[in-house]
Each structure stands twice: as structure tokens, then as C-alpha cells.
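[1] next comes the sequence, and after it the predicted model I'd like to discuss.
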Amino acid sequence: MEVSLVALFSINRSLCDLRVRGTRKSGGFNNAPIIPNQMRRSPLPLILVLLMLGASVQGCFGSDDDGGLSDSDLDVSPDPLTAGIFQSVHFHAEKAMRVLVPYLVLQPETGYVQNGTVLDLGANKETNIVILIPPRADTFAVLLGKPGRDFFPIREGNISWSTWAATGMDATRGVRVIEAENGSELLQLTNSTETGDEVAIHMASIVRPMAANVPIEEGGAHSTGLVAGKRTYDTLSFITDDSLSPLDVDLAKGYLDRWAGQGNPAYEDAANWVKSTLESFGYDDVRHHRFQYTESNPEAYNICAYKQGYEFPDEWMVIGSHFDIAPMIVINDPSSGTPRGYGTRIGAYDNTVGTSVNLNMAQALFDIPTRRGIVFCFWSSEEGGKRGSIAWVHDLPDDITITNYINIDMGGVNWPGNGTPSDRTDNNGGGSYPASSENWPFRVYIGPDTDENIINQPEMVYLAEWLAGDALGVEEQLAVLNGELKADWAAKGEPGVVVNEATTARSDHASFQEIGTVTVGFGGLVDGYDCYHQTCDTVDEMEYWMENDYGTGTQNLVNSIDLMTWYGTMMFLHLDHQPVLNSYL
């Protein structure tokens, strides 16, 4: 069953306020002693063969020889589980065992989200635990070991639990069970090079239901959950609606002409709408940050929502997206065959999609108690040189530490819309528009980085890989890139989802890297998109690029946005429990 977030988190906040601060022992799957250099493709044909031969999805792919356990010794219900929600899951053990739950779980005493745990069950005993069910995977897995064991093996980051089970369950990584966090009874996990004895694996199925009256072709496959690509898409469509509205300052039903920042009436109007929207989610501390006019920073004007952390209020997690769009300077439309101009009234790809992801994350995460403060910011003047985020970072109180920063800038013109057929011609009258034979990856970019040949932030790289390999359902498309990116991408078969560190930062994450914060960002194409910073940067144009033989433009666009929204949400929940600090530079 689906558990109401309001019910789950209606905890006596005085418990949080009175909790004694202790040593910060937190675990999860963030640490990374090894970074694999080669992409591993999932052996899906082998999995299908096993299933065709009669192996149940809950079949025993491994056994705990020492404990004499098999998958049939544990029952997990309901089956199927519901993807993308906090769901109460029931475990019943026939024999005594310790069960590894390698997912985000909810601490019942505090409401905090924790990076995995173990359950100790006696013979013929049962328990319930609330788990965030993987949103884009079709299989749920737990590992069974003898009572009291301290170590469990885990999969590599770039493969799913299903692939790991089907290929022999060999492990080079493990987790160690450690004491519970202050205020919780759930034991924690930390990474280890020890894997312990063999284990049994129990698997259950996951189904993501479709929202009512939303067909597959319109994004129905990604329309439900704590966050959902379809809801983000609807926000994107609302903000970019250019239907005539004569009484609005931009003459449109949406919020167009968001150039620069303060002093622009259209930006001012849109900023008021963002503030009122965040307040409608429940945030009671939403600020308009207007910074003093200077020659180098004439219009910095950000909108930020603040929510206090209960354990470490002087540590903030920041999620940001720039709210401004490229100012209209030269009005040309490459999609009509004209030369490139500069500027847009709409800015769907850059960066209304990032704004929409940010808003939907803010709405979903409001009811979840966090250890650290959370700040959702909508930056001005990124197109003019990241002026909004620079001004905000330089204005931070002295006693505040930014633990991590998540940047959301451009997305939706990338995987899974590769290979789009086109009936247009390019600006020279030949070929196709867009260049449909090319693949464009969904990018996860991490920093700071000083050398493209060296991974400086392995913990964040591994966390990005861990999430993509299973819960986000893109193991077949996944690769970690290093060295010269285009060459490494080509060498690995032009995968659709790439994780890489970058020595340069062209968006607001640069402002946070300058103060030593480890950042992660999500996006797609930059200069390769013909409508980047052009009048044709519309939702319709994004859908045209995203249509292919495997899905409609809307269907593929919603899928890509869903991946981005879930990536940011799950990354945030992991990093609240265990921040990734910059200890490598």
C-alpha cells in the first residue's frame, strides 16, 4: 500500500529539536574505492533465458551456504511493489536471518531517509519497513545472510541487481553493518572491501502505474510517483505557454521574456509567480534576493526557498536552476532555414525545463524531514555570467557550510530521443534538420575537477553510477567517461547516459565549486542543439527532436525529464544522509 507522506512525517518535531548531537556516523553507498573505466553492458538475453526456463522473478540466484538460506525462506509483500513511492513493505522469514535492504528507507522514529539498512529476523518472524521503491526499475532485490553477519557483498555500480544475480553474483565491493544513527533503531551501512560469505537473493517485481487518462504516447509511463516526468512536463508546458494574454506584461499566458533579472518587468512578474508557487507548497521562508547594483553585476535577483535542517541547521544542501533565458538580440529561426540569431522569448530547453524540475523537486521534498537545511534557488543572470549565483554565494553567512550543490540546466534533447527522423533540410538546403543520425547523451557532470584524466571526486561519481545502474533503470545506456570525453564516449559505443567530471563549468555549479563544494549537475546538449539560445527554443521543437521509431516526441521528452527529476531527487536524499565532501583537491 502507499503510505501517506503527511502521516509518515507528522512526527513530534520536538524530538528532532531535543536530539543530542553525536558523532556523525552515516553510511550508504556513496564511498567508492574503485572507479571502473569500462562500461559494462547488461546481459539481458541471459536474464530472459533464465526466465524462459522457468526461473521465477523471485527465484534463487544465489544461496547462503553457511546459513543454509534460499530465497524461499523469505516472503516479501506486496508483490508487485509500486514504483516511485514510499511504501510499507512486509518481510516474513521462515528461518532466522539478517536481510540487507539496499534502498532508501524511512526511519520511523525521525522521518529521515537513510541509505539502506539490515533487518534481523528470527525464525517465523515478520516486520514492516517503509522503503522508497525504485522508480524506474522492474525488480526489487534484498540479500539474505546468516544472523549477525557484519558484511554483505553488493553489485557494481553500473549494473542492476537483476544483472548481478544472473551473472553469478561475483562481488568486489561490500558493505559493513554499523550502529544506528542517533534517534533511530535502523542499523546503517558503510562501504567496505570485505564482502563476507555467500548470500541468497530474493527478488520481487515492481510496477509503475499510469496516471488516469494519460496514454503512453503522452508520457503515461512516467506519470506517477513521488516525482514524475509528466508532472515536470506539465509545469514546463505551463510556463512556456505563449498563448495571447493581453493583460499580462509579456502578453502571454505563461511567463516569457525572462531576460537577466531585476529591472525587467517580465522577469519581476515571473519571480513573483515562483515565490507564490513555493509558498503554496508550504515553504514559509521564500526570499527575493536583490543584490546591490554594480557595474559588474547590474541585475542579480534570485528567488530562494529555505527549510531548516533538524540535525545540522548550519549545513545546507542547495538545489539550483537558472531562471533567466537568453536575451533577444538577433531574431532568427534556424528551424525555418535562416542563419542563427541570438535570444529567445520562451527558453524551453534553456532553462525552463531546469526550472520545472526544481519546482517539482521542491514540492515533493517539502514534507520530508532533513538533517541538513535545504535551499531551492532560481538564479538570475546565468546567461550574462552566472551573476545571480555568484552574488548569492558571496553573500553567505559566515557560519553556513554548503555540503553539496545540485545544478539543473537544460535537459530533454538527448537520450532516449536519439536517431530522430526528419523531413526538414538544413540551413544550406541539404541534409536533414536536425542532424538526426547523431546520438546525444543525457549528461551527469561532476566537479570540481583539475585533470580530465583523473577522477577527483570518486564518491560522487560512484553515487551517480549506483543510482543509474539500478533504481533509474538505465544500465544498458550507462558509462563513466574519463580523459578526452568525445573520444572516450565514442570508444564506449556512444552510450545514452554518461557520467563525467569536467574541468570547466559553464553554469551555476561553477559558483559553488569556487568555494570548494562538490557539485553534481544534470543536462543534455549545449551547442549541438540548433535551437539553443534561439527563437525556436520551444517545447514543440524539443518534441520534434525527441521523436523516433521507439516513441513519440512527447513520450521520449517526458521519459528524459523523468530521469532528470528522479536523478536529482534520489541524489538529494542520499546526500542528506551522507554528504560527499571535497577531500581530493
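    Structure received.
[2] tell me the secondary structure for Asn272?
    Using DSSP: H, G, I helix; E, B strand; the rest coil, the structure places Asn272 in helix.
[3] mind listing what it touches?
    With C-beta atoms under 8 Å, 6 or more residues apart in numbering as the criterion, no residue contacts Asn272. From N, CA and C alone the C-beta is placed, and that goes for glycine too.
[4] from now on call the first residue 423
    Right, with 423 as the first residue, what we last looked at is Asn694.
[5] so for it, what's the pLDDT?
    On pLDDT, Asn694 comes in at 97.
[6] next: Gly759.
    In this model, Gly759 carries a pLDDT of 72.
[7] list phi and psi for it.
    With angles defined as degrees, to the nearest 10, Gly759 sits at phi 90, psi 0.
[8] and it, how many residues sit next to it?
    Counted with other C-beta atoms under 10 Å, the neighbours of Gly759 add up to 14.
[9] cool, and the one 4 residues further on?
    When neighbours are defined as other C-beta under 10 Å, Gly763 has 17 of them.
[10] mind listing the helices for the protein?
    427-430, 435-440, 466-474, 583-588, 651-661, 687-703, 775-787, 809-816, 880-891, 907-913, 931-935, 961-968, 975-999 (DSSP state H).
[11] any chance of the ones you listed in TSV, with distance to Gln529 too?
    Formatted as TSV, those follow (distance: least, C-beta to C-beta, whole Å):
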stretch	distance to Gln529
helix 427-430	10
helix 435-440	11
helix 466-474	34
helix 583-588	23
helix 651-661	27
helix 687-703	23
helix 775-787	16
helix 809-816	32
helix 880-891	20
helix 907-913	39
helix 931-935	28
helix 961-968	39
helix 975-999	10
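[12] out of the ones you listed, which gets nearest to Leu554?
    helix 975-999 (7.3 Å; C-beta to C-beta).
[13] now the closest one, how far from the centre of its chain.
    Centre-to-centre, helix 975-999 and its host chain are 4 Å apart (C-alpha atoms, centre = their mean, to the nearest Å).
[14] next one: stretch 878-891
    Worked out by C-alpha atoms, centre = their mean, stretch 878-891 lies 12 Å from the chain centre.
[15] same deal with stretch 871-885?
    Once both centres are worked out by C-alpha atoms, centre = their mean, stretch 871-885 turns out to sit 18 Å from its chain's centre.
[16] check contacts around Gly731.
    Glu737, Trp738, Thr792, Arg793, Arg794, Gly795, Ile796.
[17] neighbours of the fifth one, how many?
    Going back to what we said before, that points to Arg794. 24.
[18] then the last one?
    Here the count is done by other C-beta under 10 Å, and Ile796 has 22 residues near it.
[19] picking up where we left off before, out of the helices of the chain, nearest to Ser614?
    Nearest of the helices of the chain (C-beta to C-beta): helix 880-891, 13.8 Å.
[20] in stretch 504-518, what's buried?
    Neighbour-count burial for stretch 504-518, counted by 16 or more other C-beta atoms under 10 Å, picks out Thr504, Ala505, Gly506, Ile507, Phe508, Gln509, Val511, Phe513, Ala515, Lys517, Ala518.
[21] list the contacts for the nearest residue to Gly704 once chain neighbours are set aside?
    In space, and not counting its chain neighbours, Gly704 is closest to Phe788: 4.9 Å by C-beta to C-beta, 6 or more residues apart in numbering. By C-beta under 8 Å, 6+ apart, the contact set of Phe788 is Phe703, Gly704, Tyr705, Lys729.
[22] wait, the last one touches Leu700, no?
    No. Under the criterion of C-beta atoms under 8 Å, Lys729 is not in contact with Leu700, lying 10.2 Å apart.
[23] out of these two, which sits in the more crowded spot?
    Neighbours were counted for Lys729 and for Leu700 using other C-beta under 10 Å; Leu700 has more, 25 against 21.
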